[in-house]
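Participant: Below is the structure, and that's it, no one-letter string:
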């Protein structure tokens, strides 16, 4: 095993153990939490190395970079997650290419994904991104607009709504993010009976705040720097 592969494997094992500890503290099974390794701006070789140690879920933020990596790593048995901001005019490049799109933040984007997925004869799994804290610089539907958005998505046969995603404000103390994570879970729990569907996934928690996220019900945790190290600048 080369030095970088060993480093990635060790870091990932540490993250998995920390996720498992957080789950057990909340009375949850460690297997209920899936680690999405956020590989944006890191080379395809890192993804290959990590995949060969058993990591299967990888998150990317930028369409062009993600598609290039998919081409380079064709045949590698991994699931790709699109977790970054997505403009509706780029949706045609994303639909059908990712196991899950976490960041659907408008009906316009949902419609564009639906249109492309339908033309391909596929159903694209998505999460609705909710801007719980109301931060102007962050994407996401408002808490008030979520039910209408979810109902619209349910009417799009090219999409399958499987849950919600959020990004809390940055806090030095991760405990301060806990109310945001708890609120996303409450929103999901309220939506399920209203829509008559199960929404199994909550995508929330990153390197700095995954412990309270897991304790509040995260099923998908997006961790990058703790696995891959500091990101190189975007070229």
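Facilitator: Nice, I can see it. Quick caveat, the model's predicted, so the values are computed rather than measured.
Participant: can you list the weak-confidence ranges in the protein?
Facilitator: The model of the chain has pLDDT under 70 over residues 235.
Participant: what pairs with residue 126 across the strands?
Facilitator: With DSSP bridges as the criterion, residue 126 is bridged to residue 101, residue 161.
Participant: That one: how many residues sit nearby?
Facilitator: For residue 126, the neighbour count with other Cβ atoms under 10 Å is 28. Any C-beta I mention is one placed from the backbone N, CA and C, and that applies to glycine too.
Participant: give the contact list for residue 26.
Facilitator: By Cβ atoms under 8 Å, 6 or more residues apart in numbering, the residues touching residue 26 are 214-216.
Participant: Just put those residues in TSV and tack on neighbour count.
Facilitator: Listed next are the contacts of residue 26 as TSV, based on neighbours: other Cβ atoms under 10 Å:
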residue	neighbour count
214	28
215	18
216	22
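Participant: In helices, which of these fall?
Facilitator: 214-215 (DSSP state H).
Participant: for the helix or strand encompassing residue 193, packing partners?
Facilitator: Assigned by DSSP states H and E, residue 193 falls within helix 178-195. Helices and strands touching helix 178-195, as assessed by 3 or more Cβ pairs under 8 Å, 6 or more residues apart in numbering; DSSP states H and E, comprise helix 146-154, strand 159-165, strand 201-203, helix 210-215.
Participant: Which one, of the ones you listed, ends up nearest to residue 118?
Facilitator: strand 159-165 (9.1 Å; Cβ to Cβ).
Participant: in that closest one, what counts as buried?
Facilitator: If you call a residue buried by 16 or more other Cβ atoms under 10 Å, then strand 159-165 has these buried ones: 159, 161-165.
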